[in-house]
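Chemist: The following block contains a protein sequence and its predicted model.
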Amino acid sequence: MNSKSLYIAFFAASLLLCGACSNNKHRHISALSEEQLREKSIEVNKDWVKRLQDTIALFAQKNEWNMQASGSGLWYAISRSGNADTIRDGDLVQLAYTVSLLNGTLLYTSDSLGLKNIKVGQGGVESGVEEALRMLTQGDSARLLIPPHLAHGLLGDQQKIPSLAILNYTLVVTRHYRP
């Protein structure tokens, strides 16, 4: 079963749960069904996340990228500039970036759209990018493999990023300062 099928199964189980809970005559049955559906949903979600992590690990290995995985599922490789002032929440950063899919499809670049200006911790960028920024300093560059739950999730970005996409993200911190 592929990751989209697993997600659809999880969604269908959730809909069944909602329907079962709406009938008061079968409240004792729905309570049992709710627990069973919850356990199945957790199992399906864990399997889906594991498959995504396996896909990312194989992709990094195939490309001979020495990457690390964070506890959230973000994969990263950092090239250090030597600057010791680590980025933290509230800092302003400017990024040069390239975003593509694992199949090589180029989605967005700072060359065509301009540099990204971000206030760290305020959103407006993928949560995987926010997580990575907290490990970087000015001048650092990073390659990120961002799973859907840390990027654009089920819906994509409604423009170029499809649903459930793993993003291949490269970035360079071109400017960093504290207001």
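Modeler: Perfect, I can see it now.
Chemist: okay, which residue is most central for the chain?
Modeler: Centroid-nearest residue in the chain, with Cα atoms, centre = their mean: residue 150, separated by 2.1 Å.
Chemist: just the helices in the protein please.
Modeler: For the chain, helices defined by DSSP state H occupy the ranges 3-21, 27-62, 110-113, 127-133.
Chemist: so how far is residue 71 from residue 60?
Modeler: With distances defined as Cβ to Cβ, to the nearest Å, the gap from residue 60 to residue 71 amounts to 17 Å. In this view, the C-beta of every residue, glycine as well, is placed from N, C-alpha and C.
Chemist: Straight-line length of stretch 127-142, end to end?
Modeler: Length of stretch 127-142, first residue to last, Cα to Cα, to the nearest Å: 15 Å.
Chemist: how long is stretch 70-87 end to end?
Modeler: 17 Å.
Chemist: Let's see the pLDDT reported for the nearest residue to residue 148 once chain neighbours are set aside.
Modeler: Counting by Cβ to Cβ, 6 or more residues apart in numbering, residue 148 lies nearest to residue 164, which is 4.7 Å off, once chain neighbours are set aside. The per-residue pLDDT reported for residue 164 equals 95.
Chemist: neighbours around residue 164, how many?
Modeler: A count of nearby residues for residue 164, using other Cβ atoms under 10 Å, gives 21.
Chemist: That one and residue 149 touch, don't they?
Modeler: No: Residue 164 sits out of contact with residue 149 when judged by Cβ atoms under 8 Å, with a separation of 9.4 Å.
Chemist: Tell me the spacing between residue 137 and residue 86.
Modeler: Taken as Cβ to Cβ, the spacing of residue 137 relative to residue 86 amounts to 6 Å.
Chemist: neighbour-wise, which of these two wins?
Modeler: Set side by side, residue 137 and residue 86 give different neighbour counts by other Cβ under 10 Å, the larger being at residue 137 (18 against 14).
Chemist: Touching, that one and residue 176? I think so.
Modeler: Yes: with contact taken as Cβ under 8 Å, residue 137 and residue 176 are classed as touching, separated by 6.7 Å.
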